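**Q** Take this sequence and fold it.
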Amino acid sequence: MPKIKEIERTPNPDAMRFVLAEPLTNGVTRSFENSGEALHDELAKALFSIKNVINVYYVDKYITVTQDGNAVWSELLRKLAPPIREAKPQLDIEEDTEVHASKEVQETDDPRLIQINQMLDEQVRPYLLADGGGLKIIGLDGNRLKVHYQGACGTCPTASTGTLYAIESMVKRIDPEIQVISV
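**A** Okay, the predicted model is just below:
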C-alpha cells in the first residue's frame with residue numbers, strides 16, 4: 001500500500017500530483033486519457049470511477065490526476081486518496097512502447113526525428129514530469145511535428161502556448177523549417 005507523502009499543485013489548476021513513499025512502477029510510465037483506456041489498469045480504473053476525473057498519469061512515485069474543472073479540490077482529494085493508498089505496486093509491468101513516441105517515430109530513419117526525440121528526452125520530458133505530465137511525439141508530416149501532451153500537461157493552459165513555443169524554439173535548432181503543433 002503506497003503511502004502518500006505529499007500532494008502538489010501543478011501549473012495546471014485542474015491537475016494535482018501525488019508523491020508516494022514507494023514507487024508504483026519501476027520507471028514505467030502509464031498514461032490514460034479516458035476510462036476506456038483504463039479497463040486493464042486497476043488504479044486508473046478506480047480513479048476514473050470518481051466523478052470529474054478526466055486523466056490519470058503515473059510513473060515511479062508520482063501520480064497525476066486531472067479533473068474536468070467542475071470539482072472542488074478539497075473534496076475531490078478526499079475521494080482520490082483511498083484508491084491511491086490501496087494501489088498495489090506494479091514493478092513488473094512493461095512500458096507501453098508508444099507512451100513517448102508513436103511507432104512511426106520509433107521506427108523512423110529520419111535523422112531530424114531521432115534528434116528531436118533525444119532532445120525531448122534530455123531537455124523537456126524531465127521538466128514536464130516534474131510538473132506532473134509528459135509529451136508524446138506523434139509524427140513528422142512534412143515540416144509539421146505533431147506532439148501530444150500527457151497528464152497535467154494535457155489540459156494545461158501554458159502547454160499550448162509557452163511550453164509549445166519553447167519546444168518549437170529548440171526544434172528549430174535541429175531544423176529551422178519545422179513547426180510544432182499540439183494534437
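
**Q** Leu77: what's it in contact with?
**A** Contacts of Leu77 were listed using C-beta atoms under 8 Å, 6 or more residues apart in numbering, and they are Ile7, Met16. Any C-beta I mention is one placed from the backbone N, CA and C, and that applies to glycine too.

**Q** Give me the buried positions along the helix or strand hosting it.
**A** Take DSSP states H and E as the rule and Leu77 turns out to sit in helix 73-86. By neighbour count with 16 or more other C-beta atoms under 10 Å, helix 73-86 contains the buried residues Leu76, Leu77, Leu80, Pro83, Ile84.

**Q** average model confidence for it?
**A** Averaging pLDDT along helix 73-86 yields 97.

**Q** Columns distance to Gln179 on top of the buried residues of helix 73-86, output as JSON lines?
**A** Converted to JSON lines, the buried residues of helix 73-86 look like this (distance: C-beta to C-beta, whole Å):
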{"residue": "Leu76", "distance to Gln179": "37"}
{"residue": "Leu77", "distance to Gln179": "39"}
{"residue": "Leu80", "distance to Gln179": "38"}
{"residue": "Pro83", "distance to Gln179": "41"}
{"residue": "Ile84", "distance to Gln179": "39"}
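
**Q** which among those residues gets closest to Thr161?
**A** If you rank these by distance to Thr161 using C-beta to C-beta, Leu76 comes first, at 26.2 Å.

**Q** Could you check how far the closest one is from Ile7?
**A** Distance of Leu76 to Ile7, computed by C-beta to C-beta, to the nearest Å: 11 Å.

**Q** just Lys172 next, same as before
**A** 37 Å.

**Q** If you count surrounding residues, which of those two has more?
**A** The neighbour count for Lys172 versus Ile7, taken as other C-beta atoms under 10 Å, is higher for Ile7 (16 against 13).

**Q** I'd say the more buried one and Leu20 touch.
**A** No: counting by C-beta atoms under 8 Å, Ile7 stays clear of Leu20, with 10.6 Å between them.

**Q** Can you dump the C-alpha atoms of the helix holding Leu77 in CSV for me?
**A** Coordinates of the C-alpha atoms in helix 73-86 are reproduced here as CSV (Å, rounded to 0.1, in the frame of the first residue of the first chain):
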residue,chain,number,x,y,z
TRP,A,73,-10.1,20.1,-5.0
SER,A,74,-10.5,19.7,-1.2
GLU,A,75,-13.5,17.4,-1.8
LEU,A,76,-12.0,15.5,-4.7
LEU,A,77,-8.7,14.8,-2.9
ARG,A,78,-10.6,13.0,-0.1
LYS,A,79,-12.1,10.7,-2.8
LEU,A,80,-8.8,10.2,-4.6
ALA,A,81,-6.7,9.3,-1.6
PRO,A,82,-8.2,5.8,-0.8
PRO,A,83,-7.7,4.2,-4.2
ILE,A,84,-4.2,5.6,-4.4
ARG,A,85,-3.4,4.2,-0.9
GLU,A,86,-4.9,0.8,-1.9
